[in-house]
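Engineer: predicted model, plus sequence, below.
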Amino acid sequence: MAVGESAQTLIPIFDLAERDRRWARLRQAMVAAGLDCLVGFPNSGHWDQFQAAVRYITQIGGNTTEAAVVFPLAGEVTAFVRGPNEVAWWGSQSAWIPDLRATGRSWAPPVIARLRELGLARARIGICGLSGSPRAPEGLVASGIVDALRAELPDARFSSATELVADVRAVKSPAELAFLREAVRVAEAAAATMVATARPGVPEREVFGAMLRTIVVEGGEIMAMLHWGAGPEPPWPHRLVTNRVLQAGDVINNEIEAKWSGYVGQVVQPMVLGEPPRELAAMYAASRATFEALCAAMRPGLPFAEIVALYQRLVREAGYAPGAALLHGRGLGEDRPLVMGHGTVGPALVLEEGNVFILKPACFPPGGDVVQAPSGQVIELAVRAGATVVVTRAGAVRLGQRPLAIATLPS
């Protein structure tokens, strides 16, 4: 039986002990922040990741399932889904929240009604995703919902709870790590499918489709992110599937994600349809050496600023230039923080045991990272080693088993 499944459920489900653990941590954070209630609203953007806070609290989500939540400091938690059919289905899968209500696609009115039921019309209410999300700094909540809350509850005090929930989500429990390992396993299976099917003369769509099929067959959710690019030089991985046919000598650059009940595992598995060019192989070797050195250094208490400084130094010592996303949190979404390798990070932010990241240090040629070829193709100029890691007392440890190497065609 797969991790998180039982004879009664059709999808991976956490037990009530995990619910109680995270709800207790959230309420401790609410007391410290002076909040009486958290509310979260649906947003299935960015491959469902923008609804991570709601799913963390409710366990409801996946394949753009819309959900909302009212999470009081004291009192029963209420989750909202679209219709009675979804109320029945989610009620049969999880015992986390007995109070499930249908919205009929209008989210503000039932949430406002529930806040009044709880006596919170004058409360201090934190809105998950109101502002400050790493991928959406302007917020994740529709303005109509926020306007309705403020108009109907004029005596309530609203603030953003994005960082509060993100801080709680950032440290993973053993149960969450088990789900993340399954997600990485599925992502690695998709990478293996790519290596087995990508050949000169095969349409990119065929390889891409085979990878998606593997994700579903291996137990992953749909709406998984696959960034893909193929061409004669290292292409920029993009979001769209093209009609291009693979050619001898192509470099395939990618970011491959899979989800296990929403928990995201990511791998980076470059491939060359032939012999890797010498400079490309040297770049990858420098990226892998940097990856391993960073893993050894990533222990609890280490400031993120020191990770960035170490990355920059190692890459420059290898004769390359740093750049692009170095690491970002993995969990139900962008689980704090997103760290750019060419920038700086505030000194107060430090690693904690149980943080999970996709670590993918890039080594670019001096002078640039992305250019546009005469053909119009966007070239990234590098390939990189990348894998999902968890911070432990002994350093960062990979959650997967895949060898860190450029894949090539079998001889």
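Structural biologist: Yes, it's here. All values reported here derive from a predicted model rather than from experimental measurement. Numbers count the residues shown, from 1 in each chain.
Engineer: where do the strands sit along the stretch 151-300 of the chain?
Structural biologist: 157-160, 226-231, 251-260, 263-267, 271-272 (DSSP state E, counting those that start in this stretch).
Engineer: pull the residues that contact the shortest one.
Structural biologist: With CB atoms under 8 Å, 6 or more residues apart in numbering as the contact definition, strand 271-272 has outside contacts at 194-195, 198, 249-252, 280, 406-409. Quick note: C-beta positions are derived from backbone N, CA and C, even for glycine.
Engineer: partners of that strand in the sheet?
Structural biologist: Sheet pairing of strand 271-272 (DSSP bridges) gives strand 251-260 (antiparallel), strand 407-408 (parallel).
Engineer: for the first one, same thing?
Structural biologist: In the sheet containing strand 157-160, its partner strands are strand 124-127 (parallel), by DSSP bridges.
Engineer: only alpha carbons, please: show the partner strand as CSV.
Structural biologist: Written as CSV, here are the backbone C-alpha positions of strand 124-127 (Å, rounded to 0.1, in the frame of the first residue of the first chain):
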residue,chain,number,x,y,z
ARG,A,124,-8.2,40.3,14.0
ILE,A,125,-8.2,38.1,10.9
GLY,A,126,-5.2,37.0,8.9
ILE,A,127,-5.8,36.4,5.2
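Engineer: give the buried residues for it.
Structural biologist: Using 16 or more other CB atoms under 10 Å as the test for burial, strand 124-127 gives 124-127.
Engineer: other residues contacting it?
Structural biologist: Counting by CB under 8 Å, 6+ apart, 30, 33-41, 115, 141, 146, 149, 153, 156-161, 164 sit against strand 124-127.
Engineer: switch to 7 Å and redo it
Structural biologist: Contact with strand 124-127 is made by 34-39, 141, 156-161, 164, as judged by CB atoms under 7 Å, 6 or more residues apart in numbering.
Engineer: highest average neighbour count across the strands paired with strand 271-272?
Structural biologist: Of the strands paired with strand 271-272, the one with the most neighbours on average (mean count of other CB atoms under 10 Å) is strand 251-260, at a mean of 26.
Engineer: from residue 53, how far off is residue 339?
Structural biologist: The gap separating residue 339 from residue 53 is 20 Å, by CB to CB, to the nearest Å.
Engineer: correction: the previous question concerned residue 320.
Structural biologist: To residue 53, residue 320 is 37 Å away according to CB to CB.
Engineer: who's more crowded, these two?
Structural biologist: It is residue 53, of residue 320 and residue 53, that has more neighbours when counted by other CB atoms under 10 Å, with 30 against 21.
Engineer: identify the residues contacting the residue most central in space within the chain.
Structural biologist: In the chain, the C-alpha nearest the mean C-alpha coordinate belongs to residue 333, at 3.4 Å (CA atoms, centre = their mean). The contact partners of residue 333, taken as CB under 7 Å, 6+ apart, are 49-50, 52.
Engineer: same question, residue 396
Structural biologist: Residue 396 makes contact with 295, 298, 359, 389-390, according to CB under 7 Å, 6+ apart.
Engineer: pLDDT wise, what is residue 382 at?
Structural biologist: pLDDT recorded at residue 382 is 80.
Engineer: again with the one 5 residues further on
Structural biologist: With respect to pLDDT, residue 387 has a value of 97.
Engineer: hmm, back to that, so which pair among the buried residues of strand 124-127 is furthest apart in space?
Structural biologist: 124 and 127 (11.2 Å; CB to CB).
Engineer: mind listing what's buried in the helix or strand harbouring residue 116?
Structural biologist: Per DSSP states H and E: residue 116 is located in helix 108-117. For helix 108-117, a neighbour-count test (16+ other CB under 10 Å) marks 108, 110-112, 114-115 as buried.
Engineer: over to stretch 296-310?
Structural biologist: In stretch 296-310, counting by 16+ other CB under 10 Å, buried: 297-299, 302, 304-305, 307-308, 310.
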